[in-house]
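Student: here is my input; please provide its structure:
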Amino acid sequence: MANTKQQRILVASDGSQSAEAAITTVLRFPWKASARAQGVVANFPWLRTESKAAQAAVESSVEIAAETAGRALRRRWPAARVAMVGAPPADAILAAANRSKADVIAIGWRGHGAFQRLIAGSVSRVVASNARCSVLVARVAPKAVRRMIVGYDGSPNARRAIEVLASLEVPRAGRVVLVDAVVPHVLPAVAGRLPSATRRELQEELQRLNGERRAEAQKLLEAEASRLRRAGWKVETELRAVAPVAALLAAAHEHAANVIVVGACAKTRLQRMVLGSVANGVLNRSPVPVLLVR
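Tutor: From the prediction side, this is the model:
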């Protein structure tokens, strides 16, 4: 999502409850006043039947989804339009995003089971994996979007997430918690066979390395926290000694977060399809909307 004067938002809808959650989340998100939104609905003949009545019902449902999304978006953006694209849903959404040069795609997440994801994958997962821009994914819409949990590890995509937050209109009581997971190194089990003096020396060295890692991580967090504070956010920083997904989900729960923000930058199509274990883990388990930043 580019840090530009006018953020371009594409909202995908199919009339489902999760799509409505995505629309509501977009309406409540603290975009700049200059942001613009439009919608897309896939008008794809997924029902193979000779029944004209059934076909008419499907077409009517697509039109209703487009009209409903349009009315909702125009509450904030009077010029918003919703296009009906004759293509499979994921293809329609990605093509519309490319044509409109969208900075972010907003889409609902139905949370299909692991077996379904393995066999085919949901539309939202395909979009999240293959989009060239950021993706905002929602199962349930938050009542407000004021409290953000941001996964930060010093990587380029994590820094990109900070840029995105700094580009937003800071809401009243806007608050960000920057979280980094620094899991301490420990001696392997085979070290138990070493002489006690050697083990003690190795343990001291590990403690030194772990301390340096935590100090460096804290330094990076504080640097980015200062940047967000200058943009108007209230910011806290946390180092957690657990795996990244567990750290982010725990922080989201403890701070009653409205959104989790993680970097999902990928240079190749294969990397985009894989997404990364942290992004996937958060998407699979987060009870609040997730913003994947590219």
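Student: pull the longest helix from this protein.
Tutor: Longest helix in the chain, counting residues (DSSP state H): helix 196-230.
Student: what's the average pLDDT for that helix?
Tutor: What helix 196-230 shows for mean pLDDT is 95.
Student: what's the first helix or strand after it?
Tutor: Next in sequence after helix 196-230, counting helices and strands by DSSP states H and E, comes strand 234-240.
Student: so what are the sheet partners of that next one and their directions?
Tutor: Sheet pairing here is set by DSSP bridges, and for strand 234-240 it gives strand 175-181 (parallel).
Student: and stretch 17-29, which residues are buried?
Tutor: For stretch 17-29, the neighbour count (16 or more other Cβ atoms under 10 Å) marks 18-29 as buried. (Glycine included, C-beta is placed from N, CA and C.)
Student: next, report how far that stretch is displaced from the centre of its chain.
Tutor: 14 Å (Cα atoms, centre = their mean, to the nearest Å).
Student: now it: mean pLDDT?
Tutor: 97.
Student: quick one: residues in contact with that stretch.
Tutor: The contact list for stretch 17-29 (Cβ atoms under 8 Å, 6 or more residues apart in numbering) reads 9, 11-13, 37, 39, 65, 69, 72-73, 75-76, 106-110, 124, 136-145, 168, 259, 289.
Student: now which of these would you call buried?
Tutor: 9, 11-13, 37, 39, 65, 69, 72-73, 106-109, 124, 136-139, 141-142, 145, 168, 259, 289.
Student: which of the residues you listed fall within strands?
Tutor: 9, 11-12, 37, 39, 106-108, 136-138, 259 (DSSP state E).
Student: farthest pair in these?
Tutor: Pairwise distances across those peak at 20.4 Å for Gly39 and Val259 (criterion: Cβ to Cβ).
Student: burial count for Arg172?
Tutor: Applying other Cβ atoms under 10 Å, we find 7 residues neighbouring Arg172.
Student: contacts only, for it.
Tutor: Per Cβ under 8 Å, 6+ apart, neighbours of Arg172: Arg146.
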